[in-house]
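Kindly generate the corresponding structure for this input.
(one chain, ligands or ions: 2)
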Amino acid sequence: MAVSDFEYYERLGVERGASADEIRKGYRKMARAYHPDVNKASDAEERFKQVQEAYDVLKDDQKRQIYDRFGKAGLRQGPESGFGGFETGDMGDIFDAFFGSRPTRDTRAPQKGRDLQTNVTIDFMDAVHGVEHDVELSRMEVCEVCDGDGAAPNTEVTVCGVCQGSGQVRRAQRSIFGQFVNVSTCENCKGAGKVMRNPCTGCGGGGWQRKKRKLTLTLPAGIDEGNKLRFPGEGEAGQLGGPPGDVYVGVRVRAHKTLKREGAHIYSELTVDVTEAVLGTEAEVETVDGTHQLQIEPGTQPGAVVKLRSRGIPRIRRPDRGDHFVTVNVTVPGCLTGRQRQLFQELGHIHERSSGKKTFKDRMRDVLD
Ligand SMILES: [Zn+2]
Ligand SMILES: [Zn+2]
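Numbers count the residues shown, from 1 in each chain. Ligands and ions are numbered 1, 2, ... in the order given. Model prediction:
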């Protein structure tokens, strides 16, 4: 005989056929709305308790089935009822609703070790060509003496009598919301779930040792300022058989005196004098591969850019390289010898004649003649 009792569903604002997820969401929404810290209405606390009571039943498959069939009455008499009033089973649900995460976690499950973070500063050319770089890390490792067990070798380890091996102690607590079960780490075994008569001398019983380790990191050619590299499995040891953490390395690159870098491209400047720019020349330029003889074509303009294809920086994990761009600066002599002045003047006359233009000076001369 089915009893039509929807009240618990209504309290959470969900349909009778709601999924576990919908029930959970409904609970969070209602619990927020009626939380006495938020809602100052006189019946808020009472409504909050009702929401909690409904959720305690609907989140539990077994209790929900009984409720669906027999209503609240069924729960009072049910096979493992014990449901004589209001009790919140798990403190974590309250925390989930208001703080978004659980304050306690299962410390008995294998856990990945902590990640470590370090920074390295390398020379410009080492970043271009790649380098092996040593870093020293201080990390927790599994104790070599006891292999993480915590007990001195060949000594007895017994299950903790206080927590029966769970590592956690549950204690009922009263508060304005009703009764909570407060879960805390067992003090007797410090959460390990076991006690030993003779703790390992290597680690004092914790199963851990802090070790300084020198790691040789291979930094690939083409690495750049601000890159972050991950070295898997080089972090701290995992717990209870979990995998070790990773090491993250932030890269800083020292500036070069003459070469500038943008991504895979190199930029530099070359200064030639005016006759070299006019007549063309050959000049030595520094590249990431060493010095390079650069051909300056006759008639090169100030600010002209010469591209050295594939003379830039290797792209990480790709076969190609960037380019090297050389900007040509042209210097104009500031003070001239008499002979130089004469030559430039001749040059000027030739230029005027060939271009067929009359300068201001020529026109003055025409007038004066
Ligand atoms: Zn040890
Ligand atoms: Zn214990």
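
contacts and neighbour counts: CA atoms only from here.
Noted.

which SS class is the residue of the stretch 1-150 of the chain found nearest ligand 1?
Ligand 1 sits closest to Cys146 of the stretch 1-150 of the chain, with a gap of 4.1 Å, by Cα to the ion. With DSSP: H, G, I helix; E, B strand; the rest coil as the basis, Cys146 sits in coil.

List the backbone torsions phi and psi for it.
Dihedral pair for Cys146: phi -110, psi 0, per degrees, to the nearest 10.

need the contact list for it.
Ala152, Pro153, Cys200, Gly202, Gly207 (Cα atoms under 8 Å, 6 or more residues apart in numbering).

My guess is the first one contacts Pro199. True?
Right, Ala152. Yes: under the criterion of Cα atoms under 8 Å, Ala152 makes contact with Pro199 at 5.3 Å.

which residues do the two both contact?
Counting by Cα under 8 Å, 6+ apart, the residues touching both Ala152 and Pro199 are Gly205.

From the structure, what's the count of residues near Asn329?
By other Cα atoms under 10 Å, the residues close to Asn329 number 19.

Near ligand 1, which residues of the stretch 151-300 of the chain? Just list them.
Cys200, Gly202, Cys203, Gly207 (Cα under 5 Å from the ion).

how about the residue lying closest to the second one once chain neighbours are set aside, phi and psi?
By that I understand Gly202. Spatial nearest neighbour of Gly202, excluding adjacent residues (Cα to Cα, 6 or more residues apart in numbering): Val145 at 5.8 Å. When read as degrees, to the nearest 10, the backbone of Val145 gives phi -70, psi -50.

got it, and the one 10 residues further on?
In terms of degrees, to the nearest 10, the main-chain angles of Thr155 are phi -120, psi 160.

Tyr27 in helix, strand or coil?
Recorded secondary structure, Tyr27: helix (three-state DSSP).

Kindly report the same for the one 4 residues further on.
For Ala31, the assignment made with three-state DSSP gives helix.

so it touches Gln52, yeah?
Yes: if you go by Cα under 8 Å, Ala31 and Gln52 touch, sitting 7.3 Å apart.

which of the two has more neighbours?
Each of Ala31 and Gln52 has its neighbours counted (other Cα under 10 Å); Gln52 has more, 27 against 24.

ok, then the element right after the helix or strand harbouring the more buried one?
If you go by DSSP states H and E, Gln52 is part of helix 44-58. Later in the chain than helix 44-58, the nearest helix or strand by DSSP H and E is helix 61-77.

just to revisit the earlier point, quick one, what contacts the residue nearest to Gly202?
Residues near Val145 by Cα under 8 Å, 6+ apart: Ala152, Pro153, Cys200, Thr201, Gly202, Cys203.

Can you tell me which of the residues you listed are buried?
Buried residues within the contacts of Val145, defined by neighbour count using 16 or more other Cα atoms under 10 Å: Ala152, Cys200, Thr201, Gly202, Cys203.
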